[in-house]
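*Asks:* How does the following fold in three dimensions:
(6 chains)
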Number of protein chains: 6
Amino acid sequence: MTKTIVTLGELMMRLKPPGKLRLRQANSFEVCHGGAEANVAVSLAEFGVHSRFVTALPRGELGAQALRFLRAHGIDTTSILLHPGRLGLYFMEEGADFRSGCVVYDRADSVFAHMSPDEIDWDAAFRGADWFHISGITPALSEASRQLAAISMQEARRRNVHVSLDLNYRERLWQYGRKASDVMPSLAALADTLIAGRGDCAHCLGIDGDGENGSTEWAESLTEKLFAHFPDFSNVAVTLRDSQSAERHSWSAHLRTRDGCYVSRSYEMTSIVDRVGTGDAFCAGLIFGLAQGRGPAAALEFGAAANCLKHSIHGDSNAVSVEEVDAIVAADRFGQLRR
Amino acid sequence: MTKTIVTLGELMMRLKPPGKLRLRQANSFEVCHGGAEANVAVSLAEFGVHSRFVTALPRGELGAQALRFLRAHGIDTTSILLHPGRLGLYFMEEGADFRSGCVVYDRADSVFAHMSPDEIDWDAAFRGADWFHISGITPALSEASRQLAAISMQEARRRNVHVSLDLNYRERLWQYGRKASDVMPSLAALADTLIAGRGDCAHCLGIDGDGENGSTEWAESLTEKLFAHFPDFSNVAVTLRDSQSAERHSWSAHLRTRDGCYVSRSYEMTSIVDRVGTGDAFCAGLIFGLAQGRGPAAALEFGAAANCLKHSIHGDSNAVSVEEVDAIVAADRFGQLRR
Amino acid sequence: MTKTIVTLGELMMRLKPPGKLRLRQANSFEVCHGGAEANVAVSLAEFGVHSRFVTALPRGELGAQALRFLRAHGIDTTSILLHPGRLGLYFMEEGADFRSGCVVYDRADSVFAHMSPDEIDWDAAFRGADWFHISGITPALSEASRQLAAISMQEARRRNVHVSLDLNYRERLWQYGRKASDVMPSLAALADTLIAGRGDCAHCLGIDGDGENGSTEWAESLTEKLFAHFPDFSNVAVTLRDSQSAERHSWSAHLRTRDGCYVSRSYEMTSIVDRVGTGDAFCAGLIFGLAQGRGPAAALEFGAAANCLKHSIHGDSNAVSVEEVDAIVAADRFGQLRR
Amino acid sequence: MTKTIVTLGELMMRLKPPGKLRLRQANSFEVCHGGAEANVAVSLAEFGVHSRFVTALPRGELGAQALRFLRAHGIDTTSILLHPGRLGLYFMEEGADFRSGCVVYDRADSVFAHMSPDEIDWDAAFRGADWFHISGITPALSEASRQLAAISMQEARRRNVHVSLDLNYRERLWQYGRKASDVMPSLAALADTLIAGRGDCAHCLGIDGDGENGSTEWAESLTEKLFAHFPDFSNVAVTLRDSQSAERHSWSAHLRTRDGCYVSRSYEMTSIVDRVGTGDAFCAGLIFGLAQGRGPAAALEFGAAANCLKHSIHGDSNAVSVEEVDAIVAADRFGQLRR
Amino acid sequence: MTKTIVTLGELMMRLKPPGKLRLRQANSFEVCHGGAEANVAVSLAEFGVHSRFVTALPRGELGAQALRFLRAHGIDTTSILLHPGRLGLYFMEEGADFRSGCVVYDRADSVFAHMSPDEIDWDAAFRGADWFHISGITPALSEASRQLAAISMQEARRRNVHVSLDLNYRERLWQYGRKASDVMPSLAALADTLIAGRGDCAHCLGIDGDGENGSTEWAESLTEKLFAHFPDFSNVAVTLRDSQSAERHSWSAHLRTRDGCYVSRSYEMTSIVDRVGTGDAFCAGLIFGLAQGRGPAAALEFGAAANCLKHSIHGDSNAVSVEEVDAIVAADRFGQLRR
Amino acid sequence: MTKTIVTLGELMMRLKPPGKLRLRQANSFEVCHGGAEANVAVSLAEFGVHSRFVTALPRGELGAQALRFLRAHGIDTTSILLHPGRLGLYFMEEGADFRSGCVVYDRADSVFAHMSPDEIDWDAAFRGADWFHISGITPALSEASRQLAAISMQEARRRNVHVSLDLNYRERLWQYGRKASDVMPSLAALADTLIAGRGDCAHCLGIDGDGENGSTEWAESLTEKLFAHFPDFSNVAVTLRDSQSAERHSWSAHLRTRDGCYVSRSYEMTSIVDRVGTGDAFCAGLIFGLAQGRGPAAALEFGAAANCLKHSIHGDSNAVSVEEVDAIVAADRFGQLRR
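*Replies:* Reported below is the predicted structural model:
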């Protein structure tokens, strides 16, 4: 079993109308918390891993509420700073059938976006750690966050902590004057494991696969090029999602290690409960599988099943156990009531 | 852009148990407001059109609540009368899978059903208007409402306002001593644009298509006969719905103008949120497209996409923007989270 | 029309998080009541049958709440005993897509589990009765409940009341020191009508069909063997469920009488609301059809349609009317809004 | 213990915004059922009395829902008729502090208002009965209801059933062309027990007390005059309410029998939960006490304590047991948590 | 009747846990909208006044939701600008008994705080206006907002529009580098009517009364000094609040005109529903009374009764009619259910 | 600041109808967790103390949910055991005005009631501890729990950990064959600090004060006798509650140390939100004050203010900070909105 996994990023409060109501129809919001790296931390904690999350939260009632969320999931919060300032928020409208869901970010100027790498006690942050995870959302937030991302990865590497990076490209972020394509290549160079969605590598790294986007040929050529370009990579995962409606997506992933290429089972979800955080659930599952030494094929399948399960869970983070993920991997029939 | 679109009809309060609960299981009701012509007015207002709704509401708290609903959507309420009396209501039970939904009307004797054409200042009601819409529900309610429908259409025509009529046949209405087949032909003769569901023309006008009901041959022969019978028609739309379960419907429409025949894309909804008001959403979309001068083919597709989107929206009325409808028309992949 | 149908069993309070929330995420529970035999009683009462339910409930507020539930459905509660002690509970987590639902029982040591056959006035319990129904859940609870099951069936037979038994095998019950395979054969021998799910006969009676489990060949050979083994049987029904996801199940049933074999329509549910109690809904429908003298084929179809409808109803019991079930049997298109 | 108590009147559905929200602010309504005589029937059933309620309800879902409400409380519903037509409704806005609550009736033209005395099987309705209760609301609804009230009281008297009448004057009813002062004296002459609020006797019977309204002198002179005027009266109760705010009322009652005058304890409520039905709770308590033979002083105190408790109960009807009412009568300290 | 009343300020979204839950306990928020000047505008619109609100809102879903709120109340939104940026928010925790409620502002950097006076078409904003109202909250937000406040008051005066200013001192605002005592005197000099809470004049204007704070002597000397200092004042109102617990406040106000001094009735609230916006409700009531020409004493009482009623209304704004306020003024007994 | 405070006891799930609904009216329950010693632990954790809670919870979903609750509050859960079995529950009905609230326990046979002292690693449980708290509820549950209480107190004393005992007498517990008066004296002899409600000492220890129960004379003579009888006591606190209604209680406490007698401020609550856990809140406050070395008078006032605040907080445990409690101690005016 792995020792301690550390993630660093922003935790936001999420505000969502009940069910399928639109934002403009809302008289109330359901509240939860999330953020790419926080979601990975929570999922790993639910898997029983000692999971430390590094961030800054505002002093006061909203920070207290956010801490409750993290602590409830068993997260190690000892490296979290409390500062005056605001909490990042996002408003979310759930899609329905042909109607797309949408996210309205209100995260500018948060205490996290102002957090400087100098404020962090890196020895404490990485105490006992053997894996560090970060996503491309952090360097997209602000110049300070970009530096935080770079330095955190360097501090991890200096301590021989395995570094994973989920490119997680979001065009609507990246408002502070730099482009992803300028920033991400140097960050990717600091990673051991890279995770990327369909268009992420093209946008962030200027590298694309050959052949039809999403095909096995495409994925294999893409990961081959990435391995060629980034000699420190030990694992590269590419995730493939297709959506027919808000409730109906299919999802699979490719993984390349220095030893081979693997393709996961493809899951066809037809009654999605909450699509947010499914990519983070894959990251957490893949990290768990790799860090546990399950081997690449099994780790990939564990990640894919974790991703699949997250689609059935309300909130940003994957409240499922290792046993539940393993059961999905093992099953060929789904949906029976256990009693 | 069109100037002002006017609709006239009854606004009811809708009372629905939460989610899929049956009426007999309900300890609470979700409240919204709707009615065929009100739904069209709301949808047009959400599209940014100056939309005036003519009706009568009860004085007092329930009328105040109904006015809030209309005003929230930006409806012009200056031609709404407040009278002593009751508000029309309907109770609704949402269907689920093989179980059909149902509506229990409690709208008899409402202030609208007693509204007389003499009470209305028609000049004010049609000030600035270039389109008037009404449905076959209004003449089904009472003798007063039948007269109101006829006179409103005449007043519109007298002012060169384009008149659209959605036949909207509901067998359970028409309790006041007249039959739809006696009343509707003369009203249809006052319309420029006619909209009809599958069996509406047969029930209301005694005119049916040839060939299999729902086929293209049937629709084209039906609209051809309608054009022959009603020389003032400039547009006739026929809508086609098939339902496999409460959540799974398919929907398309035909449109005939004096210049040609058009068939819309067919949408296969699989996770319907609220089926009520989808026909009205089509009317609003078609009217918007035609009144904007987008041309018949584009107007038909805009109406079909508006109809499709309404299936994903809670409540009777289509809380979507022009941009959202256009995005559906343009898309060939659906359900991605926008963030 | 049948006279009075009696069922005997435990009524539990069910505690379920709203919607698709997991138990560990819950801050509130929706409350309803259910239990295999109680569900059958409620469904029959909703069909208009005089339906008497025999059980023990705790004195005090929780018993009062449970009585309200039964009375609301029109159940005859005159043979219900009130004792000091606790009410059986179960917690339920609804499944979603690939995630299975689950039930956490907290029913040990309930007043029902301690109920002795000596406490019941059997003449009163069976007054006017012509049918008695019980399930394999009751003898699984405790030694006292096992005796209660056996004696209630004997008391019914002594009064020429038709006895139906739903095997309803649940491995996680049967904790009091006996095995289903030791207990159930002698109980089955007291039944006129047997109802069994896929693996129930193998687990409870040591009898299985030939050929692929679930095939028609299998079902027919199984029911043939059962008829051979239990000469008092007049009807044997075998139910077949397949699940693709928590919301997507298919379901059909076989019925054998001394005169022939019948196969029901197969229903493909795609938007299941509540899967609990669907088997009980089939029992109630089959009993209703048989007791009414509709004949085996019609009774089987009535039961299958009742089962199908239950999947669309919140709660453990089937809040539908005879007319609604008959409409499903007669329909070949589903999901239209009735208005 | 009394045998069977019968009440007759209208049952309405009540629609109330949650908590202290105003009607115009409401997006949902809490649903319950009530009506003066129904409330008395429910309260008596909760006291363990065999309580039969006579009314007409609409066929269909809303009637089914109303029947569930009555049955849940253990009401004998065997004399309830199901007719085509509508259910009476009322909308309610809860008061708060200085803001008064209000009721918006929507009960005109209900199936009850059209119910004729000829439709009722009076022998069945009064089978086993020794007490009949009705209120002045029934004769206020329609000419048919006035006849129903008169004939029901005559049918009761003819069978030597004790008749109680709560004058319950509501100015906003009485819209069908008769005045309370024309109708109520002849109905009062048919009663054995009369219950009246402060101004009821003046409005309905033209009889008022001497001295300051609400004083003991006033109450005693009023009841003395009533006894003089109505020789058949055996009990007259006068109830006195003062309100300081929506949550703070004080309440007491006077009772005169042929043998003496009694004054109840005065209760000062400071945190009222639901003021509706408190008068009916007093009627039920007084009837229970008198019918049980507790004697006038104890019956009056039982009624007053029942009234007091109802102020703490959501809904129109008093969901409390005899033991709870007796505990209020006996207590001189309130509000301790029982555990 | 007055013509058009204009107010200018920030509209925020308010996020509040249900009932008495603390922010840190919240899993959901009730959503409404408010802001000092918006509340005044809404209250006046509910009184039937043509009420125009000038502000900036963000483009997109949150701006659309805010516009719905304003339109629902009948506000004239024609002078509202839509800009890219964020909506001001505030989180609110309701107090309970000895526990104080609190507000957490998250309004920095909102589109309103960046709004410049140059963006506004002042002729359109003041078209038809005879009264303009603004509060001391606007100049506290940012340098741009300070300029906006000053220029809006000058533009109003230039058009002979009566200007009222509620000092509304909030220490936690005023973060942009200026102090209230530097800014407010010059703004006050632009007002015709000044409204101030207990300590507002001392903090903002450096002027205090003599004698015990809150006494009549104090209030009269304070208003006398204000009249002496600000020769353009025609009305000065001073409001006095005492709180015993979160639910129990007492409130009264003084008004001085050039002709005399007036003291309002004192209201003792004991079951407060929502304390926010009560000061704005007074402003709206006082403005309404003065603008209608009711005279100072009656206007003061109208304002005080409006303030009293607001304490019973959920949300920031006073959803009451003129008739309801007048009824409070006229009453000496409160809390009776109107039916 | 104190090091680590340990408490040991049962954690139950609490199930409560929303608001003032009765159990028999409930269709849903609000869920939280509590228990006397758990409440103390949570309150101390909210004060920022390192707070360890020792208990047994069931494996599985309900245990996971309970752990989430404890972790959310920052409790050290490292000494919690997970066992097969059930979680203790209690159902709660909130009182209202004259109606008392009530608790229905369903905690028999829980995993905690079966927990043996042998299962606990006492060194780990008391690592770093300087205070241990337990209540009289634990020894009331079962023979195993009685032994657990005794041994835990002995283990604490052996490590020089200060022991506090809240007598917390509940007659309805103590069902396992021993009486409180037999068990509690020997446990009290193991305590350094004793906390007792009005009748607790008489019931548990056979010791009562002189003079009128609740008077200062009575409290001082009682604590004097306790000091005489239990020579190891360093502090004895006696709490005094009076209730006028469910929402209106008054509360104060006496504290005797070897150096003197202290009486707290008396708080008159008039709008109680949740009365459960208020005694535990006092214990936590008193322990905090004493352990921090604030001195007896200040510690007593801190405890009393903590108790007062808890009456305003939903749930069993006191979600308030040290600053909030200190603010109550310092204030003489309450209920102002902080903004």
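
*Asks:* got any ranges where chain A has weak pLDDT?
*Replies:* Counting by pLDDT under 70, the low-confidence segments of chain A come to A:1-2.

*Asks:* Spell out which parts of it neighbour chain F.
*Replies:* Residues of chain A lying near chain F by C-beta under 8 Å from any C-beta of the partner chain: A:67, A:68, A:69, A:71, A:72, A:73, A:74. For the C-beta atoms, the positions are set from N, CA and C on the backbone; glycine is no exception.

*Asks:* rerun at 10 Å
*Replies:* Within chain A, the residues that sit near chain F (C-beta under 10 Å from any C-beta of the partner chain) are A:45-46, A:61, A:64-65, A:67-75, A:77, A:319, A:321.

*Asks:* restrict these to those near chain B?
*Replies:* Answer for these near chain B: none qualify (C-beta under 10 Å from any C-beta).

*Asks:* what about the residue of chain A found nearest chain F, how many neighbours?
*Replies:* Residue of chain A nearest chain F, by C-beta to the nearest C-beta: residue A:72 (3.7 Å). Residues near residue A:72, counting by other C-beta atoms under 10 Å in any protein chain shown, number 22.

*Asks:* So it sits against residue F:66, correct?
*Replies:* No. The pair residue A:72 / residue F:66 is not scored as a contact, 11.1 Å apart, by C-beta atoms under 10 Å.

*Asks:* Give me the common contacts of these two.
*Replies:* Both residue A:72 and residue F:66 are contacted by residue C:24, under the criterion C-beta atoms under 10 Å, 6 or more residues apart in numbering or on different chains.

*Asks:* give the contact list for the residue of chain A closest to chain F.
*Replies:* A:33, A:42, A:45, C:24-25, F:65, F:67-74.

*Asks:* List phi and psi for it.
*Replies:* phi -60, psi -30 (degrees, to the nearest 10).

*Asks:* returning to that earlier point: and of the contacts of residue A:72, the nearest to chain D?
*Replies:* So of the contacts of residue A:72, ranked by how close each gets to chain D (C-beta to the nearest C-beta), first place is residue F:69, at 20.6 Å.

*Asks:* Touching, that closest one and residue F:80? I think so.
*Replies:* No. At 11.7 Å, residue F:69 does not count as touching residue F:80 under the criterion of C-beta under 10 Å.

*Asks:* The two: who's more crowded?
*Replies:* residue F:69 (23 against 19).

*Asks:* how close does the residue nearest to that one when sequence neighbours are not counted get to residue F:66?
*Replies:* Distances taken as C-beta to C-beta, 6 or more residues apart in numbering or on different chains put residue F:33 closest to residue F:69, at 4.3 Å, once the chain neighbours are dropped. From residue F:33 over to residue F:66 the distance is 6 Å, taken as C-beta to C-beta, to the nearest Å.

*Asks:* How about residue A:147?
*Replies:* In terms of C-beta to C-beta, residue A:147 sits 42 Å off from residue F:66.

*Asks:* of these two, who's got more company?
*Replies:* Applying other C-beta under 10 Å to residue A:147 and residue F:66 shows that residue F:66 carries more neighbours, namely 24 against 15.

*Asks:* so what's the most centrally placed residue in chain A up against?
*Replies:* Nearest to the mean C-alpha position of chain A, by C-alpha atoms, centre = their mean, lies residue A:280 at 2.9 Å. By C-beta under 10 Å, 6+ apart, the contact set of residue A:280 is A:7, A:9, A:34-43, A:133, A:135, A:166, A:168, A:195, A:306-307, A:310, A:316-318.

*Asks:* 7 Å instead?
*Replies:* Applying C-beta atoms under 7 Å, 6 or more residues apart in numbering or on different chains to residue A:280 gives the contacts A:36, A:39, A:40, A:43.

*Asks:* Please flag which of those residues sit within strands.
*Replies:* Applying DSSP state E to the contacts of residue A:280, no entry is found in strands.

*Asks:* Can you tell me which of these end up in helices?
*Replies:* A:36, A:39, A:40, A:43 (DSSP state H).

*Asks:* returning to what we had before: helix or strand: which one has the residue nearest to residue F:69?
*Replies:* strand F:28-34 (DSSP states H and E).

*Asks:* Present the ones in helices among the contacts of residue A:280 as a markdown table; the columns should include distance to residue F:125 and neighbour count.
*Replies:* Below are those laid out as a markdown table (distance: C-beta to C-beta, whole Å; neighbours: other C-beta atoms under 10 Å in any protein chain shown):
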| residue | distance to residue F:125 | neighbour count |
| --- | --- | --- |
| A:36 | 38 | 26 |
| A:39 | 34 | 28 |
| A:40 | 33 | 33 |
| A:43 | 30 | 32 |
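
*Asks:* just to revisit the earlier point, surely the residue nearest to residue F:69 touches residue F:14?
*Replies:* Yes. With contact defined as C-beta atoms under 7 Å, residue F:33 reaches residue F:14; the gap is 6.5 Å.

*Asks:* residues contacting the spatially closest residue to residue A:210 that is not a sequence neighbour?
*Replies:* Sequence neighbours aside, residue A:221 is the residue nearest to residue A:210 in space, at 4.2 Å (criterion: C-beta to C-beta, 6+ apart). Listed by C-beta under 7 Å, 6+ apart, the contact partners of residue A:221 are A:209, A:210, A:211.

*Asks:* Secondary structure class of the first one, three-state.
*Replies:* Assigned with DSSP: H, G, I helix; E, B strand; the rest coil, residue A:209 falls in the coil class.

*Asks:* How about the residues of chain A by chain E?
*Replies:* Contact residues, chain A versus chain E (C-beta under 7 Å from any C-beta of the partner chain): A:15, A:23-24, A:26-31, A:60-62, A:64-65, A:68, A:86, A:91, A:93, A:104, A:106, A:109.

*Asks:* What's the PyMOL line that selects buried ones from these?
*Replies:* Those of the residues of chain A next to chain E that count as buried under 16 or more other C-beta atoms under 10 Å in any protein chain shown are selected in PyMOL with:
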select buried, chain A and resi 15+23+24+26+28+29+30+31+60+61+62+64+65+68+86+91+93+104+106
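
*Asks:* Which ones among the residues of chain A next to chain E lie within strands?
*Replies:* A:15, A:28, A:29, A:30, A:31, A:91, A:93, A:104, A:106.

*Asks:* Closest to chain D out of those?
*Replies:* Nearest member of those to chain D, counting by C-beta to the nearest C-beta, is residue A:28, at 9.1 Å.

*Asks:* Give me the phi and psi for residue A:81.
*Replies:* phi -100, psi 150.

*Asks:* show me what contacts it?
*Replies:* A:56, A:115, A:119 are the contacts of residue A:81 under C-beta under 7 Å, 6+ apart.

*Asks:* Might you report the residue contacts of the residue of the stretch 51-200 of chain A found nearest chain E?
*Replies:* Nearest residue of the stretch 51-200 of chain A to chain E (C-beta to the nearest C-beta) works out as residue A:61 at 4.1 Å. For residue A:61, the contact set (C-beta under 7 Å, 6+ apart) comprises E:23, E:24, E:93, E:104.

*Asks:* Kindly report the same for residue A:58.
*Replies:* A:83, A:84, A:85, A:86, A:87, A:111.

*Asks:* Give the bridge partners for the first one, please.
*Replies:* Read it as residue A:83. Residue A:83 forms beta bridges with residue A:58, as assigned by DSSP bridges.

*Asks:* Distance of it relative to residue C:162?
*Replies:* 75 Å.

*Asks:* hey, where'd the strands end up in the stretch 151-300 of chain A?
*Replies:* Assignment of strands within the stretch 151-300 of chain A using DSSP state E, counting those that start in this stretch yields the ranges A:162-166, A:193-196, A:235-245, A:248-257, A:261-263, A:267-269.

*Asks:* export those strands to CSV and tack on mean neighbour count and distance to residue E:151?
*Replies:* Listed next are those as CSV, based on neighbours: other C-beta atoms under 10 Å in any protein chain shown; distance: least, C-beta to C-beta, whole Å:
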stretch, mean neighbour count, distance to residue E:151
strand A:162-166, 25, 49
strand A:193-196, 27, 52
strand A:235-245, 22, 50
strand A:248-257, 22, 53
strand A:261-263, 17, 65
strand A:267-269, 20, 56
